[in-house]
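1. Model the structure of this input:
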Amino acid sequence: MRIVALLFAASLIINSLDTASAQSATAAAPTAQQLVDRGVEFLRKSQADDGSFSKQAGPGITAIVATGLLENGIPASDPTVAKALDYLKTFARTDGAIAAEGSKYSNYETCMAIRAFKKANGAGKYDELLKNAGAYVKHIQWDSDEDHPESSDFYGGAGYGGHARPDLSNTTFLLDALQALDTPADDEAVQRALVFVSRCQNLPSKYNETKFPALNPDGGFYYTIAQGGSSQAGALPNGGLRSYGSMTYAGLKSMLYAGVDKDDPRVKAAVEWLQQHYSLEENPGMGDSGLYYYFHTFAKALSAYGESSFAEKDGDKHDWKSELVAALAARQKDDGSWANANERWLEADPNLATGYVLLALSYAK
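-> Predicted coordinates:
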């Protein structure tokens, strides 16, 4: 009996220790808001005297940071945000762009700035600026005005700036900006963009009759159909274009913003690809390239999809918000910033990576 009693007592102690350990781990795990607070603290120290962030890269990073701050409840009157907005205003051009004269990235920069100014637009302060900027990004979208009718593989897309070759990333920036401006899904610019987006999906259908889907019919998305087509993840031996994570989340989000129903075959195929490649360790198909862009696009797309959990193909369900917070917590640096060891697409810049993370966390809180 004494042995039984001792074993019972030991089990109670072990269970108690396990419970205490679990409670301690839970208490130690940072919340999304705690991650945001530390990121904001870093950015306040990182801002230049003129209000910019990484000005050598143009105004785009400042716009991303300002939007990330605003989306996390920092008001437009906050000195850090106000200085950033004042800096961005100096790039407002007479043609509506919010970009430096001669910039090769005027679509990207203007679309990012639209999101910031729209979020800060209390009492209509930026109505005129937003109206002009919205007209500008619509104007530079590829369509029949540039001798690219709907049969063209440029049609509906947007490139980095002016009339550069269109790609899915910049087209989703355009759709983000139009969505921020409360543009209805049936707007002509939105529906033109949907044509381009659909042609960047590896799904044979009436929406994509190009050669690539039949070569890799996996339902994911690649970078661009224009100028012969290309994928940042490379091509298959048969010439098909590889799908990858960030563009597939971008494609999913773009279709939802354009009013495509969740039961539409295009949405279903994109979701199935993402179910098969669910990851918060890498940008599927790209490793650590564009990882922080991926985190932002992952969060925004799943928020638009409207499900609190996301199931893999085998049925395993993920609480994507808590898993995203945990993944970002593990990568936050001691000074509160984030940065990618992979320098591609400027993500080694802690201002850019931290801006992306604040945007991602705004959907995870």
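2. burial measure for the nearest residue to Tyr278 once chain neighbours are set aside, as a count.
-> In space, and not counting its chain neighbours, Tyr278 is closest to Glu312: 5.2 Å by Cβ to Cβ, 6 or more residues apart in numbering. All C-beta atoms are positioned from the backbone trio N, CA, C, and that covers glycine. Using other Cβ atoms under 10 Å, Glu312 has 13 other residues around it.
3. I figured Glu312 was touching Leu274, is that so?
-> No: if you go by Cβ atoms under 8 Å, Glu312 and Leu274 don't touch, sitting 9.1 Å apart.
4. one step back: what's the spacing between the residue nearest to Tyr278 and Lys253?
-> Going from Glu312 to Lys253 by Cβ to Cβ, to the nearest Å gives 19 Å.
5. likewise Arg192?
-> From Arg192 to Lys253 the distance is 17 Å (Cβ to Cβ).
6. so where do the strands sit in the stretch 201-350 of the chain?
-> 310-311, 317-318 (DSSP state E, counting those that start in this stretch).
7. which stretch among these comes nearest Tyr223?
-> strand 310-311 (23.7 Å; Cβ to Cβ).
8. Apart from its neighbours in sequence, what residue is nearest Ala82?
-> In space, Ala82 is closest to Ala76, 6.5 Å off (Cβ to Cβ, 6+ apart).
9. thought the one you found was touching Ala120?
-> Yes: applying Cβ under 8 Å as the test, Ala76 and Ala120 come out as touching, 3.8 Å apart.
10. list residues touching both of those two?
-> Residues touching both Ala76 and Ala120 (Cβ atoms under 8 Å, 6 or more residues apart in numbering): 70, 85.
11. how close does Arg331 sit to Ser198?
-> Distance of Arg331 to Ser198, given as Cβ to Cβ: 34 Å.
12. These two: who's more crowded?
-> For Arg331 versus Ser198, the count of surrounding residues by other Cβ under 10 Å is larger for Ser198: 22 against 17.
13. The more buried one in helix, strand or coil?
-> Per DSSP: H, G, I helix; E, B strand; the rest coil, the local secondary structure of Ser198 is helix.
14. Break down the stretch 51-200 of the chain into its helices, ranges please.
-> Listed in chain order, the helices of the stretch 51-200 of the chain (DSSP state H, counting those that start in this stretch) span 60-71, 79-89, 106-119, 127-139, 168-180, 188-199.
15. CSV please, covering those helices and showing mean pLDDT and distance to Gln33.
-> Converted to CSV, the helices of the stretch 51-200 of the chain look like this (pLDDT from 0 to 100; distance: least, Cβ to Cβ, whole Å):
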stretch, mean pLDDT, distance to Gln33
helix 60-71, 98, 13
helix 79-89, 98, 17
helix 106-119, 98, 18
helix 127-139, 98, 29
helix 168-180, 98, 23
helix 188-199, 98, 33
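16. Dump the ones you listed to JSON lines, plus distance to Ala226.
-> Compiled in JSON lines, those are given as follows (distance: least, Cβ to Cβ, whole Å):
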{"stretch": "helix 60-71", "distance to Ala226": "22"}
{"stretch": "helix 79-89", "distance to Ala226": "29"}
{"stretch": "helix 106-119", "distance to Ala226": "14"}
{"stretch": "helix 127-139", "distance to Ala226": "18"}
{"stretch": "helix 168-180", "distance to Ala226": "10"}
{"stretch": "helix 188-199", "distance to Ala226": "8"}
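17. mind checking which of these is nearest Pro284?
-> Across the helices of the stretch 51-200 of the chain, closest to Pro284 is helix 168-180 (Cβ to Cβ), at 15.5 Å.
18. Stretch 344-363: which residues count as buried?
-> 345-347, 349-363 (16 or more other Cβ atoms under 10 Å).
19. In strands only, show me those residues.
-> Residues of those located in strands (DSSP state E): none.
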